[in-house]
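# how would this look folded up:
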Amino acid sequence: MAIRMIALDLDGTTLNSSGHVSEHTREVLEKAIRNGVQVVVSTGRCYTSIPAEVLSIEGLNYTISSNGAIITDLREDQVFYSNCVEHAAVRKAIQLVDEYGLTLEAFWGGRAYIDRTIYDFIRDGGIYNRNPEYVLSTRTPIEHIYKAMEENINRIENINICFPSTDRLEELKDIFMEIPDATITSSFRYNLEVGGPSTSKRNALETLIDRLGISREELMCCGDAPNDIEMIKFAGIGVAMGNAWGDTKEYADYVTATNDEDGVAKAVEKFVL
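Numbers count the residues shown, from 1 in each chain. All right, here's what the predicted structure looks like:
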């Protein structure tokens, strides 16, 4: 059965290690779109953190953001689906982060917020296990983030909990996995992400293909991290990147080249074009 939709993770997948879409990947995706295939962004990033160069891909109509919490119709500039974090899960995440001396970021209204003290620490050269330039350019500093989360508790899309090391994450993982009424996943090696009880890229894609009259057999998904596994399993063709980590490759129908080797483009050329 021909592929009619391609869902693409961004970091470690469509974006190379420099955070850009290669010219070849762009050309291949735009060719697929011209051939009538829907290309959909499916990312853990919030909407405003999606790079302009991705949104400028000609013919891109939909984005799935915040790990499946939000679907945006780019043509109408309108959110038509949201699946936010439950109140109890928000409060439990705050309690655990505070108890164990960790930091968090919270997404709502399509933006990612970080406590100003953490933002300033990173800006001033403090050691952080993520790309400081990325954090500073995509996170909005806010005073008293816990208070702000409580004030916006009805619309929190995702909570990104940051750990100082993988060892610390493994030490505390089971505790955080017990957060009630939540989906817990990870998009990079030092974090856990808290979503709603049914929030996932898979569930968002299921909503979108139903809306567009596309079957799962006509869907191809590409990803590199644990938060991509459910959509990779769901797709007619699930593709893991050569640089995929965790158990991601084990659930894929095909392993393509790395994100620095135009792995997405090669998969699209193989299965779609």
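
# and the spatially most central residue of the chain, how far from Asn67?
Nearest to the geometric centre of the chain sits Gly44, at 1.4 Å (Cα atoms, centre = their mean). Shown here: Gly44 relative to Asn67, a distance of 5 Å by Cβ to Cβ, to the nearest Å. Using the backbone N, CA and C atoms, a C-beta is placed for each residue, glycine as well.

# now do the shared contacts for these two.
Shared contacts of Gly44 and Asn67, defined by Cβ atoms under 8 Å, 6 or more residues apart in numbering, are found at Asn158, Ser187, Glu193, Asn227.

# what about whichever strand or helix holds Glu150, average pLDDT?
Here Glu150, judged by DSSP states H and E, is contained in helix 145-151. Mean pLDDT, helix 145-151: 98.

# that one: which residues count as buried?
Under the neighbour-count criterion of 16 or more other Cβ atoms under 10 Å, helix 145-151 has Ile145, Tyr146, Ala148, Met149 buried.

# what lies in contact with the helix or strand harbouring Leu136?
Per DSSP H and E, Leu136 falls inside helix 132-138. Outside helix 132-138, the residues that touch it by Cβ under 8 Å, 6+ apart are Gly19, Arg45, Cys46, Thr48, Ser49, Ala112, Ile114, Tyr119, Ile122, Arg123, Tyr128.

# show me where pLDDT drops low in this structure?
For the chain, not a single residue meets the criterion pLDDT under 70.

# show me where it has strands.
Using DSSP state E, the strands of the chain run over 5-8, 38-42, 62-65, 70-73, 78-82, 103-108, 111-115, 139-142, 156-162, 183-185, 191-195, 219-223, 237-240, 254-255.

# just send those back as CSV, with mean neighbour count and distance to Ile94 too.
CSV is the format used below for the strands of the chain (neighbours: other Cβ atoms under 10 Å; distance: least, Cβ to Cβ, whole Å):
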stretch, mean neighbour count, distance to Ile94
strand 5-8, 26, 31
strand 38-42, 24, 27
strand 62-65, 25, 22
strand 70-73, 21, 21
strand 78-82, 14, 21
strand 103-108, 24, 8
strand 111-115, 21, 11
strand 139-142, 17, 14
strand 156-162, 25, 8
strand 183-185, 22, 15
strand 191-195, 25, 10
strand 219-223, 29, 29
strand 237-240, 26, 34
strand 254-255, 16, 38
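
# between these, which gets nearest to Val90?
With respect to Val90, and counting by Cβ to Cβ, the nearest of those is strand 156-162 at 5.6 Å.

# what packs against that closest one?
Counting contacts by 3 or more Cβ pairs under 8 Å, 6 or more residues apart in numbering; DSSP states H and E, strand 156-162 packs against helix 87-99, strand 103-108, strand 191-195.
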